[in-house]
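K.L.:
Curious how this folds, go ahead:
(one chain, ligands or ions: 1)
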Amino acid sequence: MASSKGAADRSDAFDAVVVGAGFAGMYMLHKLRELGLTARVYEAGTGVGGTWYWNRYPGARVDVESLEYSYQFSEDLQQQWEWSERYATQPELLRYANHVAERFDLKRDIQLNTRVQAARFDEATGRWHVTTDNGNASSRFFILASGCLSSTNVPDFKGLGGFKGSWYHTGGWPHDGVDFTGKRVAVIGTGSSAIQSIPMIARQAKHLFVFQRTATYSVPAHNGPVDPVALARVKANYRDFRERNAKTGYGFILDANEASALSVSDEERRAVYESRWARGGLGFYGSFGDFLSDKAANDTAADFIRQKIRSTVRDPVVAELLCPRTVVGCKRLCVDTGYYETYNRPNVTLVDVSKTPIDRITATGLRVGERDYEVDAIVFATGFDAMTGSVMKIDIRGNQGLRLADKWAAGPKNYLGLGVAGFPNMFLIAGPGSPSVLTNMLPSIEQHVRWIGDCIATMQARQAQRIEPVEAAEETWVSHVNELAAASLFPSCNSWYLGANVPGKPRVFMPYSGGFATYIEKCNEVASRGYEGFALS
Ligand code: NA7
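P.N.:
The predicted structure is shown next:
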């Protein structure tokens, strides 16, 4: 049974402590057990599932096809689990997470309802001392599986405390749902969470006001039941399917077209975009090879999507406001079901806050410039302190009391996204410095867990006690990550990849943008060279 507050009968010394019981933490626990190690996972929520535990807003679903956004470590699991839709909904993903936890008997080592507050490395004993709001523990390994999008960002609007209605953040949605029937609702933000929830809320609400600071590109999902023919084909050789997806840049199969968008005629280009649009989903990224490296190539995709918006939204003024002006893919493309169409509803109003920001929250709504918008509920679809937020909330101290918060004050620094110099036996899963959020998260998570597992097994075989990156290797990696980003179009907009959505956060492009397959090769090479760039002692 999963424990709750008051697990006093438990031993507090483990081989490993893992922070977070999302997909990363759960598989890490399974892997540690396979290695014969003891572990405790601490999870702030009252259940497993991470992102899919917290993000219960209406319309929440995965943006990668479920046959790919799923664990591959167990052949029986991937054969037996049946996804009902091409893109699973949040409730289905949460059922899957719970199924995995039950199936592999994970819950007995997961302490729920417990937030890790601090972790300190003791150089004399070589152990981490972990403090939580519900007991303490010590361990040899300290593993952060705390999620990239788990620290919610609620902008510091004046007056929120005095608002008489209800307010919600998409990333901390009430478990029993919210009924907006007959209500006037404000949604702040037009990122992925907003784009998924707006069509659903619009169907319920009396009136919906959407406050848009930056328009976002979205491609249609064309969601539906999983195609039984495609399903049978994948299941007949799931391993092959997974191997193909590990050889891609994004960790999912998008039949990438390597040609330049500028090397073909206007008709051919349009035909490529039309076919990707008709297929739906993030396969749009695979339209052309220079999509994210050449601005002129990217402009052709931007023009195509803007035309789609103009042909969908009937009011030309609203359509123009919804047309993004940024680079396509500079923020993760959104995948929607009826998003742009929603603006044709009479009960939906788009409010442009790009030039005149939201001034304050009043007792009865929102004030923008001279105008008051009266609402009964506010939905903050305002994103997250991404990639570093949940790590930085823990007071982590390594050698000689070095604080991770100090080391990362100007942006995250690590080697391969896996370890941090000065913090022995600490590993990060799918965080900054790795492909992470630029890819299909599940295979990225599994690749990290396998790598960490192999590393620990090597340490056991060599009777090594500690591992940590060498400063020089870390510096080289950080420069490499920065150079890759600088050579791409990613830094051209204010995305959460750059930390630009959180006031005061250092503007550093956090994920590794060299592609999933290249990254895997690099990690394997480091391991095969005896963990080159790491100091083992
Ligand atoms: P995002 O993508 O960070 O979107 C947050 C949205 O909230 C975005 O449109 C922001 O505008 C807007 N925002 C944030 N602060 C403000 C203020 N102060 N005023 C007005 N608007 C604001 O978060 P999501 O949860 O939608 O998606 C996160 C990821 O989850 C997504 O990329 C997928 O990978 C899944 P901005 O663009 O910053 O101008």
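K.L.:
average pLDDT for stretch 345-354?
P.N.:
When pLDDT is averaged along stretch 345-354, the result is 98.
K.L.:
188 is where my numbering starts, stick with that
P.N.:
Yep, numbering from 188; the last one is stretch 532-541 now.
K.L.:
For that stretch, buried residues please.
P.N.:
Across stretch 532-541, burial judged by 16 or more other CB atoms under 10 Å covers 535, 537-540. The C-beta positions use only the backbone N, C-alpha and C, and glycine is treated the same way.
K.L.:
Alpha carbons of it, as CSV, please.
P.N.:
Extracted in CSV, the C-alpha atoms of stretch 532-541 (Å, rounded to 0.1, in the frame of the first residue of the first chain):
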residue,chain,number,x,y,z
ARG,A,532,-19.0,31.1,-31.1
PRO,A,533,-21.1,34.1,-30.0
ASN,A,534,-20.2,33.5,-26.3
VAL,A,535,-16.4,33.9,-26.8
THR,A,536,-14.4,37.1,-26.7
LEU,A,537,-10.7,37.4,-27.5
VAL,A,538,-9.1,40.2,-25.5
ASP,A,539,-5.7,41.4,-26.7
VAL,A,540,-3.3,42.1,-23.8
SER,A,541,-0.2,42.3,-25.9
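K.L.:
outside of that stretch, which residues touch it?
P.N.:
Residues from elsewhere that reach stretch 532-541, judged by CB atoms under 8 Å, 6 or more residues apart in numbering: 385, 389, 392-401, 505, 508-509, 529-530, 555, 560.
K.L.:
ok, which of the buried residues of stretch 532-541 also contact the ligand?
P.N.:
Restricting the buried residues of stretch 532-541 to those touching the ligand (CB under 6 Å from any ligand atom) yields residue 540.
K.L.:
The ligand: which of the buried residues of stretch 532-541 is nearest?
P.N.:
Taking CB to the nearest ligand atom as the measure, the ligand lies nearest residue 540 of the buried residues of stretch 532-541, at 5.5 Å.
K.L.:
ok, the closest one to residue 527 distance?
P.N.:
19 Å (CB to CB, to the nearest Å).
K.L.:
cool, and residue 491?
P.N.:
Counting by CB to CB, the separation of residue 491 from residue 527 is 14 Å.
K.L.:
Also residue 338?
P.N.:
For residue 338, the distance to residue 527 - CB to CB - is 30 Å.
K.L.:
on that earlier part again, counting only helices, which of the buried residues of stretch 532-541 make the cut?
P.N.:
In helices, judged by DSSP state H, none of the buried residues of stretch 532-541 are found.
K.L.:
The helix ranked longest in the chain near the ligand at all?
P.N.:
As assigned by DSSP H, the longest helix anywhere in the chain is helix 628-649. No - using CB under 6 Å from any ligand atom, helix 628-649 never reaches the ligand; the gap is at least 8.8 Å.
K.L.:
Buried residues, the helix or strand just after that helix. List them.
P.N.:
Counting by DSSP states H and E, the next helix or strand C-terminal to helix 628-649 is strand 654-656. Using 16+ other CB under 10 Å as the test for burial, strand 654-656 gives 654-656.
K.L.:
Looking at the residues you listed, which one is closest to residue 519?
P.N.:
residue 656 (28.0 Å; CB to CB).
K.L.:
For that closest one, give me its contacts.
P.N.:
Contacts of residue 656 by CB under 8 Å, 6+ apart are 601-603, 606-608, 720-722.
K.L.:
Show me which of those are buried.
P.N.:
For the contacts of residue 656, buried by 16+ other CB under 10 Å: 601-603, 606-608, 720-721.
K.L.:
So which of these sit within strands?
P.N.:
residue 721 (DSSP state E).
K.L.:
Count the residues that sit near the closest residue to the ligand within the stretch 538-687 of the chain.
P.N.:
Residue nearest to the ligand within the stretch 538-687 of the chain: residue 570 (2.5 Å; CB to the nearest ligand atom). Burial of residue 570 is recorded as 23 neighbouring residues (other CB atoms under 10 Å).
K.L.:
Go ahead and confirm it touches residue 686.
P.N.:
No - at 11.0 Å, residue 570 does not count as touching residue 686 under the criterion of CB atoms under 8 Å.
K.L.:
ok, and the closest non-adjacent residue to the residue in the stretch 338-487 of the chain that the ligand sits nearest to?
P.N.:
Residue nearest to the ligand within the stretch 338-487 of the chain: residue 378 (2.1 Å; CB to the nearest ligand atom). Among residues not flanking residue 378 along the chain, residue 570 sits closest, at 5.6 Å (CB to CB, 6 or more residues apart in numbering).
K.L.:
With residue 573 instead?
P.N.:
residue 683 (4.2 Å).
K.L.:
Return the residues in contact with residue 578.
P.N.:
Contacts of residue 578 (CB under 8 Å, 6+ apart): 331, 333, 591, 615, 618.
K.L.:
Please render the residues you listed as a markdown table that adds distance to residue 430, pLDDT and secondary structure to the earlier fields.
P.N.:
Formatted as a markdown table, the contacts of residue 578 follow (distance: CB to CB, whole Å; pLDDT from 0 to 100; DSSP: H, G, I helix; E, B strand; the rest coil):
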| residue | distance to residue 430 | pLDDT | secondary structure |
| --- | --- | --- | --- |
| 331 | 28 | 98 | strand |
| 333 | 29 | 98 | coil |
| 591 | 36 | 98 | helix |
| 615 | 25 | 98 | strand |
| 618 | 25 | 92 | coil |
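K.L.:
Nearest residue to whatever residue of the stretch 188-337 of the chain ends up closest to the ligand in space, please, no chain neighbours.
P.N.:
Using CB to the nearest ligand atom, the single residue of the stretch 188-337 of the chain nearest to the ligand is residue 336, 5.2 Å away. Closest residue in space to residue 336, ignoring its immediate chain neighbours: residue 571 at 4.5 Å, by CB to CB, 6+ apart.
K.L.:
Tell me who's in contact with that neighbour.
P.N.:
With CB under 8 Å, 6+ apart, residue 571 has these contacts: 335-340, 358, 683.
K.L.:
Done for today, thanks.
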